[in-house]
Structure formats: C-alpha cells, structure tokens
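Participant: Please work out how this folds:
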Amino acid sequence: QVQLVESGGGLVQAGDSLRLSCTASGSTFSSYVMGWFRQAPGKEREFVSSISWNGGRTAYADSVKGRFTISRDNAKNTVYLQMNTLKPEDTAVYYCAVTSSLTTSIGAYDSWGQGTQVTVSS
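Facilitator: Okay, here's the model as predicted:
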C-alpha cells in the first residue's frame, strides 16, 4: 500500500499563492491516478482536482477551476497543487489520495495522506 505525505500548507492572505506537494512511497507511483481533496471545518471532504498517471488528463472542481493547477513528477513520486488567487473559502485541510482511474468520486480513492492545513485570511 502506498504511503502519502502532504506538505506546503500555511497561512496566507487572500490573493496569495501556495504550492502543495504530495510525495508517495513505493515504485508504482507512476501507475496511479492522484487526487487532491479538502475538508473545511464542519464540512464534508470534497474533491479538488485529479491527474492521470502521465499527467495527460486532469479534472478540477468548479470552485477552483482557473485558479488551481495540478501536476506531477513521476521521477520524484510527487504530485503538486499550485493554488493561485486564494480565497478565504479555500481554507481547509488538503489531502492527497490515489486511485486507479480518473474520477471525482471520493469513495474510489484510498491511501490517504495526513493532510496539510491551508488557511487564507481576508
């Protein structure tokens, strides 16, 4: 089972940018679809973005489309989430996870990381 470690979160002001990283253990990273999710206090975990095994296909939640960009570096076993023009409503714990096919369905993902906190002040 792959292990995931997220990093890059922090406290920023509205309009700022952050880049999150998720590094995976194991030699089969390049075969996985990777996804980013987030969970705000008192809310359910929600899909943010996903990327196919070779980076050729991506998907985004409507709320982040045009502001966030997902990418991956299979040589480094790492997936990134570049977050620009951050808004207070982006405040959440951000998680990465793996699955076998490009999907927004949270139930299809497993091997979750521990999450990284992103706080955007107004």
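Participant: what's the helix or strand for the most centrally placed residue in the chain?
Facilitator: Here the mean C-alpha position of the chain is nearest to the C-alpha of Trp36 (CA atoms, centre = their mean), at a distance of 2.5 Å. Secondary structure assignment for Trp36, by DSSP states H and E: strand 33-39.
Participant: Ramachandran angles for Gly107?
Facilitator: With angles defined as degrees, to the nearest 10, Gly107 sits at phi -70, psi -20.
Participant: Sheet partners, orientation included, of the strand holding Trp36?
Facilitator: Sheet pairing here is set by DSSP bridges, and for strand 33-39 it gives strand 46-51 (antiparallel), strand 92-99 (antiparallel).
Participant: would you list those in TSV and tack on distance to Val12, mean pLDDT and mean neighbour count?
Facilitator: Backbone N, C-alpha and C define where each C-beta goes, glycine included. Below are those laid out as TSV (distance: least, CB to CB, whole Å; pLDDT from 0 to 100; neighbours: other CB atoms under 10 Å):
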stretch	distance to Val12	mean pLDDT	mean neighbour count
strand 46-51	17	97	22
strand 92-99	13	97	23
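Participant: For Asp73, which non-adjacent residue is spatially closest?
Facilitator: Spatial nearest neighbour of Asp73, chain neighbours left out: Tyr80 (7.5 Å); criterion: CB to CB, 6 or more residues apart in numbering.
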